[in-house]
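Student: need coordinates for the following:
(3 chains)
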Amino acid sequence: MQGYIYPNEFELQWSLLIVLYPYITGLVAGAFILASLERVFNVKEVQPTYRLSLLTALAFLLVATLPLLAHLGHPERSYEIFMTPNRQSAMAMFGFVYAWYLMVVLLVEIWFDYRKDMVAWYRDSKGFKRWLYYALTLGSTDISEKALRFDDSAGRWITIIGIPSAFLLHGYVGFIFGSVKANPWWSSVLMPVVFLFSAIVSGIALVLLLYMITTLFRWRPINMACLDKLAQFLFYALVVDFSLEMLDFLHRLYESEESIEILSQMIQSRLFLSLIVLQILLGTVIPLVTLGLFSPGLKRGGFVKVRPEAKQLVYLACAVLIQIGIFSIRWNVVIGGQLFSKSLRGLTVYKVEFLGIEGLAMTLGLLFLPFVILWILVKVLPPWTDQEVGRLAKATG
Amino acid sequence: MSRESKITEQHERSDAVQQLDRRQFLNEMAAACGAATPLLCAFVRLPATQADAYEPTEHYYGMGVDPAKCIGCGRCAAACKIENDVPAEPHFVNTWVERYVIRAGGDVEVDSPNAGIEGFSPLENEQGVLKTFFVPKLCNHCDEAPCVQVCPVGATFMTQDGVVLVDDQYCIGCRYCIQACPYGARYLHPEEHVAAKCTFCYHRLVEGLVPACVEVCPTEARVFGELEGLPTPLNRFIRFNTIQVLKPHLNTKPKVFYANLDGEVR
Amino acid sequence: MPEQVPRLLAVFLTASVALVIARSLLVPDTFGDIGHYRAAATDSVVAHQKKYAGHQECALCHGQIQEMRLAGNHRGVRCEVCHGPAANHVSNPLEVKPPAPQDREFCTLCHEYNASRPTGFPQIDPADHNPHVPCIACHEPHAPEPPGMPGDCSACHGQIARQKAVSHHSAVPCTTCHQTPDEHKVNPRSVRPSKPTERDFCGACHAQERLAGIPQIDLTAHNPAYLCWQCHYPHYPGTS
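Tutor: Okay, the predicted model is just below:
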């Protein structure tokens, strides 16, 4: 503690778990927007990641509520947010935004996309699996040409609705912070937009990682055109994201409101590692320069030409750095916004506990859980297009 | 509103008449019994006169604070913890006292050791002190309360008489209201795990009593009362002092009014 | 209509109906009666037990003390400021007795000198101000007055008076050493009080073998060229 803080500010209210929440929803929104690229804008190169992106979004969306739930003082009362939502409250909209996105967008899009396969799997398998796939098709087993055409166009429309919905989901998370006028670190009209673009960055980086890892484990060759395209989009998203962040930063600095003094102190002391080093240097500038040099973002084939294996490693490193950077952004927003007193006269400290319901172990567990869910989803609904080709060949042959 | 305030006045008057009668009776008895009065009273104490049910629409409360009268004894903060069963540990409080020390050159130091509950020890360094004073703080019961706005489930609300309360059986403990409060007036109750705050001692108001902090303030630095109706003690306070509220730029419309507040206070 | 649509609609309809049923079951009775909150919530706040009875209650039995208080300098200091929360005493006057603080530490919560307190508020330095005497020995807490209203000498020479009060000479009146004509009070600078001019004046106490406990010296051997107060400060003559 340093300077003066109000007596009730001795304890931080929103802990590591709340850092996790915007991080996870960001991954959801980002992964979904990547999937939409292929669907709506017809970017053929990223097609191998389309279904993987959707399943990733679903896996993370299912976990997104858990850190919130674990953090509540009374988790058993959480249903109230659906029963008596306060229409004035940004947070009350959570239930609706989440339900809309999960039920109307993501699940329906996945359903339409997988229906043909689910019917095939239902017909191919026996016992429990047969019933599982039948239940998943909701009994809709018509795979005539006409029905499939409907699936395709319905899926396209859902995606078109889905893009603004994904923007809404994560923009809304940004709004929860950006609309708190009591907190000068949060209160910014740019907050939802910054959240959104950092979400896209983190989502693309995650899918890139997952694509490389899963392909590696399946002993398939990595589709370099796909990877290059992902890296290219990652680069563009990163440029926009970084520009917005710098705009926000400059705007604050130039306006120099009464909070500027304490916020500068905070950046120089409490947030130096997580903001200057992790978020900006390691998480943004280094990947930005690297991707600018190696990816086809600025020049076809990149400025630096290396063997595909080396390039894969470069992309992998960038994606990992970007994940660290985006997590740091969430940390700096959520924790940073609570490290200074609203009296603007002092700084407090946040000590992460290891065990306990809001501790590090819980956070790591919740961070690991989506990957378990994704693994199950991938088992039930294999997203691989190459495998699908083989299986169809077998089925027809 | 004038109709309502008239009703209020009538209420107060009839209460006063009843109390006067009771006091006269007891005083006469006191004269008769001398020193034995307290003992005697133990047996003849009358039940409290609260015959009429409390009608929240007939009131609208606020508080005036005069920092120039505050001596930093911290009795308000201490009494509040007792009156409202606020856990002694950790530091959470509904009301607290801050000390400002402004030195020539503009350096400002603020402190509030244990919320001022044990009072303030004398300044260690009086060198170059331009001015120094105490400021009591509490929930401002804002008319445009950000905490009420952000509560996702409707567990914090403003009563019809203008008091911001928490429904401790309905609060989910998300703490958004604590984040939204610009004044640091809220905390998560360490045992109940719900948001908690100053209630203006709502349980006392309905009995016609003032909040505990006002009751025990030895210098009458806090004035509690009605905001509606012209001739009220609070409106007199507002009329005869230059009034400031905390963080007015946030447009929360606080109902705690500070007299001649220094600009350094926030 | 393709068969997918009615199947999906059925799922959504089920979910919507479930939500409506849940709402009708789970929303509390009084929710929304007044505003977007549980109207009954105020009841549980009101049910909170008060601890401070309020001075009006005290006056019912302790009328005389109340009147004394209202007439004095503590007229704004209500009973429970010092005696603590008394609601239990009110409901059970014989069993529960509120405390009456006797310690200096309690009074100094308000009256210890503190630069941040408002100018004019009565304050003392507890280390100087009769450090070993309980406040209530001199001041009636229900109607306190400064005991010697700014006395003859201390009215102007407050600093000396305060220093003397904590010194070994605290019991020696000013006029023992200073002959003070009445005219001094009117023209303090032109008519001045006397100071001791003889070593024997101090010697009356400090050169008498028989006065035990008082430091003794030999007047003839101890720096005979000087008057005592030219080296010693009689208002605060050492600490040993």
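Student: only C-alpha atoms from now on, for both contacts and neighbour counts.
Tutor: OK.
Student: and the strands in the chain?
Tutor: Since you didn't name a chain, this refers to chain A. Using DSSP state E, the strands of chain A run over A:2-3, A:346-347.
Student: ah, no, chain C please
Tutor: Counting by DSSP E, chain C forms no strands at all.
Student: want to try TSV for the strands of chain A, with mean pLDDT and distance to chain C as columns?
Tutor: Converted to TSV, the strands of chain A look like this (pLDDT from 0 to 100; distance: least, Cα to the nearest Cα, whole Å):
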stretch	mean pLDDT	distance to chain C
strand A:2-3	88	19
strand A:346-347	95	21
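Student: mind putting these into a markdown table with mean neighbour count and distance to A:Phe175?
Tutor: Listed next are the strands of chain A as a markdown table, based on neighbours: other Cα atoms under 10 Å in any protein chain shown; distance: least, Cα to Cα, whole Å:
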| stretch | mean neighbour count | distance to A:Phe175 |
| --- | --- | --- |
| strand A:2-3 | 14 | 30 |
| strand A:346-347 | 22 | 24 |
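Student: for chain B, see how far away the closest residue to chain C within chain A is.
Tutor: Minimum separation of chain A from chain C (Cα to the nearest Cα) falls at A:Met83, amounting to 5.4 Å. Separation of A:Met83 from chain B (Cα to the nearest Cα, to the nearest Å): 8 Å.
Student: out of the strands of chain A, which is closest to A:Gly30?
Tutor: strand A:346-347 (33.5 Å; Cα to Cα).
Student: is chain B within reach of that closest one?
Tutor: No: judged by Cα under 8 Å from any Cα of the partner chain, strand A:346-347 stays clear of chain B, getting no closer than 9.5 Å.
Student: by contact count, what packs against that strand?
Tutor: Counting contacts by 3 or more Cα pairs under 8 Å, 6 or more residues apart in numbering or on different chains; DSSP states H and E, strand A:346-347 is packed against strand A:2-3, helix A:260-268.
Student: most packed of the ones you listed?
Tutor: Compared across these, helix A:260-268 shows the largest average neighbour count, a mean of 16 (mean count of other Cα atoms under 10 Å in any protein chain shown).
Student: looking at the stretch 251-397 of chain A, which residue is nearest chain B?
Tutor: In the stretch 251-397 of chain A, the residue that lies nearest chain B is A:Ser343 (5.8 Å; Cα to the nearest Cα).
Student: now that residue: how far from B:Val93?
Tutor: 16 Å (Cα to Cα, to the nearest Å).
Student: what's the neighbour count on the residue nearest to B:Asn260 when sequence neighbours are not counted?
Tutor: Nearest residue to B:Asn260, sequence neighbours excluded (Cα to Cα, 6 or more residues apart in numbering or on different chains): B:Thr242, at 5.3 Å. B:Thr242 has 12 neighbours, counted by other Cα atoms under 10 Å in any protein chain shown.
Student: would you mind measuring from B:Thr242 to B:Arg236?
Tutor: According to Cα to Cα, B:Thr242 and B:Arg236 sit 12 Å apart.
Student: do B:Val210 as well
Tutor: B:Val210 sits 17 Å away from B:Arg236, going by Cα to Cα.
Student: which of the two has more neighbours?
Tutor: Between B:Val210 and B:Arg236, counted using other Cα under 10 Å, the more crowded position is B:Val210 (20 against 14).
Student: would you double-check that that one falls in a helix?
Tutor: No: going by DSSP: H, G, I helix; E, B strand; the rest coil, the assignment for B:Val210 is coil, not a helix.
Student: for it, what are phi and psi?
Tutor: Per-residue torsions, B:Val210: phi -90, psi 160 (degrees, to the nearest 10).
Student: so who does it touch?
Tutor: B:Cys201, B:Arg204, B:Phe224 (Cα atoms under 8 Å, 6 or more residues apart in numbering or on different chains).
Student: with B:Glu226 instead?
Tutor: By Cα under 8 Å, 6+ apart, the neighbours of B:Glu226 are B:His59, B:Tyr60, B:Tyr61, B:Gly62, B:Thr232, B:Pro233, B:Leu234, B:Asn235.
Student: identify the bridge partners of it.
Tutor: B:Tyr61 (DSSP bridges).
Student: same for the top helix by length along chain A, what does it pack against?
Tutor: Looking across chain A with DSSP state H, the single longest helix is helix A:145-178. The elements that helix A:145-178 packs onto, with contact taken as 3+ Cα pairs under 8 Å, 6+ apart, are helix A:16-40, helix A:94-99, helix A:108-124, helix A:191-217.
Student: mind running it again at 6 Å?
Tutor: helix A:108-124, helix A:191-217 (3 or more Cα pairs under 6 Å, 6 or more residues apart in numbering or on different chains; DSSP states H and E).
Student: other SSEs contacting the shortest one?
Tutor: When you say that, I think you mean helix A:108-124. helix A:127-136, helix A:145-178.
Student: can you lay out those as CSV showing mean neighbour count, distance to A:Val46 and mean pLDDT?
Tutor: Below are those laid out as CSV (neighbours: other Cα atoms under 10 Å in any protein chain shown; distance: least, Cα to Cα, whole Å; pLDDT from 0 to 100):
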stretch, mean neighbour count, distance to A:Val46, mean pLDDT
helix A:127-136, 15, 27, 92
helix A:145-178, 20, 16, 91
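Student: okay, these in JSON lines with distance to B:Asn260 next?
Tutor: What follows is the helices and strands packed on helix A:108-124, written out as JSON lines (distance: least, Cα to Cα, whole Å):
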{"stretch": "helix A:127-136", "distance to B:Asn260": "70"}
{"stretch": "helix A:145-178", "distance to B:Asn260": "33"}
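Student: between those helices, which gets nearest to A:Tyr101?
Tutor: Of all the helices and strands packed on helix A:108-124, helix A:145-178 sits nearest to A:Tyr101, with 6.4 Å by Cα to Cα.
Student: cool, thanks, talk later.
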